[in-house]
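Colleague: sequence plus predicted model, see below.
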Amino acid sequence: MQIAVLGWGSLIWDPRDLKSGKNWNKDGPLLPIEFARISDNGRLTLVICSNSNQVNVLWTMMEHKSLEMARENLKEREGTLNIDRIGYVNLVDNTQSSRYDGIAEVIIPWAKSKKLGAVIWTDLGVRFKDKIQKDLNLKNIIDYLGNLNSTKKELAKEYIMNAPKQINTEYRKGIEESLGWKKRNLWQSILRCIQLERKG
């Protein structure tokens, strides 16, 4: 079975022991992704968020040919004990598992166009208000990130700046504008160094 894994966050730049391809394709399905989950280490991470704007996620092939083994591998990489947190569609036997309604229905036709047997993805939920007792909105996100201690703030900043450029969500735009957490390309970095040298 040809199995693909979808990605939009740290899975892409920090796959760890995920048995997958190294090159991520940029033409994944359109899914509602947003910075909407506070992780255990304080980072604000990207997850499927049903009311968010859609973006093209990324994808690569799994080395595993068994759907069960592929899901188990992704579960281990994500550090979760619950296999239900690994969503999937199986086009061979027409089975699926997804936290949110409508997600599998978007992925299935895309998977068929790629001639895949199955697709897996990290299916964690939104977790913001239940962590800090504030509604999920841009103002509260900026307040949350801005008030993190230095260690957690660096982790949060690294995650947001390393997120793939095409995952250009509404909250990401607001974070970049308010906090300046925008990854520079090589020429921007060189120009910034020249500007600093001139000031010095």
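Modeller: Now that the structure is in, tell me what you want to look at.
Colleague: strands of the chain, start to end?
Modeller: Ranges of strands in the chain, per DSSP state E, are 3-7, 30-38, 44-48, 54-56, 58-61, 86-90, 95-97, 118-122.
Colleague: make TSV out of these and add distance to residue 69 and mean pLDDT.
Modeller: In short, each C-beta sits where N, CA and C put it, glycine included. TSV is the format used below for the strands of the chain (distance: least, Cβ to Cβ, whole Å; pLDDT from 0 to 100):
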stretch	distance to residue 69	mean pLDDT
strand 3-7	9	98
strand 30-38	24	98
strand 44-48	23	98
strand 54-56	27	97
strand 58-61	14	98
strand 86-90	12	98
strand 95-97	16	97
strand 118-122	11	98
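Colleague: tell me which of those lies nearest to residue 106.
Modeller: With respect to residue 106, and counting by Cβ to Cβ, the nearest of those is strand 30-38 at 6.5 Å.
Colleague: need the CA coordinates for that closest one. CSV is fine.
Modeller: Taking Å, rounded to 0.1, in the frame of the first residue of the first chain, the C-alpha atoms of strand 30-38 are listed here in CSV:
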residue,chain,number,x,y,z
LEU,A,30,-6.5,22.3,1.2
LEU,A,31,-7.2,22.1,5.0
PRO,A,32,-8.2,24.6,7.7
ILE,A,33,-4.9,25.0,9.6
GLU,A,34,-4.2,27.5,12.3
PHE,A,35,-2.0,28.3,15.3
ALA,A,36,-4.5,27.1,17.9
ARG,A,37,-3.0,24.5,20.2
ILE,A,38,-0.8,25.3,23.3
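Colleague: pull out the buried positions in stretch 69-87.
Modeller: Neighbour counts over stretch 69-87 (16 or more other Cβ atoms under 10 Å) mark 70, 71, 73, 74, 75, 77, 78, 85, 86, 87 as buried.
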